[in-house]
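Asker: turn this into a structure:
(one chain, ligands or ions: 2)
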Amino acid sequence: MIVVAAGSGTRLGAGGPKALVGLDGRSILHHALERVFAAPAAQVVVVAPAGREGDALTEVLATAGDRRDLVGVVTGGPTRQESVAAGLAALWADVEVVLVHDAARALTPPVVFERVIDAISAGAPAAIPVVPVVDTIKRVEGAEIVAAVDRSELAAAQTPQGFRRDVLDAAYDSATADFTDDAALVAAAGHEVAAVAGDALAFKVTTPDDLDRARALVAEHPS
Ligand code: CTP
Ligand code: MG
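Answerer: Ligands and ions are numbered 1, 2, ... in the order given. Model (predicted):
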């Protein structure tokens, strides 16, 4: 599993890398890793912001328990895609299934990891958690509404996104454009991507409002 935590958190604007921002006494990365280690995964590679690898390692040691031998920390790149690539380069040769997870989805329940792993085990080359879109969506051009979009054919993609290792490696080797998620990159390489049920708690901490919500949830349900 690759946990990408190297982003700067521009939209959050907390004055430091987002993964190291606190939810309670513990950081976003700490909460994400607690849930990662509750799911079955062999190797876990944490992709850290440049210069903050030591802080990431501290969170790993605090959460991995007896699995700390299975964890590595590598330095991320300027884009998420480059950070994932850095994680991929650190995977052991014998890893056959790769999950890529956003540390920013700090409260993702372990059952979501299990659903993704099960879909890959059942033969899907790629599988991602999705949730229904609740808002009514419009297509706009400037200030003009040009079309309604049928909500029933839309879903919001979450992480962890799971892949057969050979499929993800090949897609990254051949990727030329920048994609917003790994599923789009793998789909562009011609592979089918399966959908499994996501979870509202797998929301991404992106804005200050998201951070407030994550802090409130952690305060309500202390782990
Ligand atoms: N990420 C990363 N390396 C990057 C950019 C993002 O590892 N160069 C990770 C983030 O740490 C996060 C996940 O990818 O866990 C999703 O990215 P996003 O929510 O966009 O985080 P940031 O890029 O940090 O935030 P922003 O776009 O607001 O700057
Ligand atoms: Mg970003």
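Asker: tell me how far Phe208 lies from ligand 1.
Answerer: Small correction: residue 208 is Pro, not Phe. Pro208 sits 11 Å away from ligand 1, taking CB to the nearest ligand atom, to the nearest Å as the criterion. (C-beta placed from N, C-alpha, C; glycine too.)
Asker: same question for Val44.
Answerer: Counting by CB to the nearest ligand atom, the gap from Val44 to ligand 1 is 14 Å.
Asker: correct me, but that residue touches Arg68?
Answerer: No: with contact defined as CB atoms under 8 Å, Val44 does not reach Arg68; the gap is 9.6 Å.
Asker: now the common contact residues for these two.
Answerer: With contacts taken as CB atoms under 8 Å, 6 or more residues apart in numbering, the residues that reach both Val44 and Arg68 are Val60.
Asker: more neighbours: which of the two?
Answerer: Under the criterion of other CB atoms under 10 Å, the comparison of Val44 against Arg68 puts Val44 first, with 24 against 14.
Asker: report the contact partners of that one.
Answerer: The neighbours of Val44, taking CB under 8 Å, 6+ apart as the test, are Met1, Val3, Leu33, Val36, Phe37, Val60, Ala64, Arg67, Leu70, Val71, Gly72.
Asker: and the pLDDT for it?
Answerer: On pLDDT, Val44 comes in at 96.
Asker: for it, give the beta-bridge partners.
Answerer: Applying DSSP bridges to Val44 gives these bridge partners: Val71.
Asker: gap between it and Val36?
Answerer: When CB to CB, to the nearest Å is applied, the distance between Val44 and Val36 equals 6 Å.
Asker: helix/strand/coil for the residue of the chain found nearest ligand 1?
Answerer: Using CB to the nearest ligand atom, the closest approach of the chain to ligand 1 is made by Gly7 at 2.0 Å. Put simply, Gly7 is coil when judged by DSSP: H, G, I helix; E, B strand; the rest coil.
Asker: how about it, nearest residue that isn't a chain neighbour?
Answerer: Nearest-residue entry for Gly7: Lys18, 5.6 Å, with adjacent residues in sequence omitted and distances by CB to CB, 6 or more residues apart in numbering.
Asker: next helix or strand past the one helix or strand in the chain whose mean pLDDT sits lowest?
Answerer: Of all regular secondary-structure elements in the chain, judged by mean pLDDT, DSSP states H and E, the least confident is strand 144-148 with a mean of 91. If you walk from strand 144-148 toward the C-terminus, the next helix or strand you reach (DSSP states H and E) is strand 155-157.
Asker: which helices and strands sit right next to the very next helix or strand once past that following strand?
Answerer: Moving toward the C-terminus from strand 155-157, the next helix or strand (DSSP H and E) is strand 161-164. With contacts defined as 3 or more CB pairs under 8 Å, 6 or more residues apart in numbering; DSSP states H and E, strand 161-164 has these neighbours: strand 97-102, helix 110-121, strand 126-132, helix 182-188.
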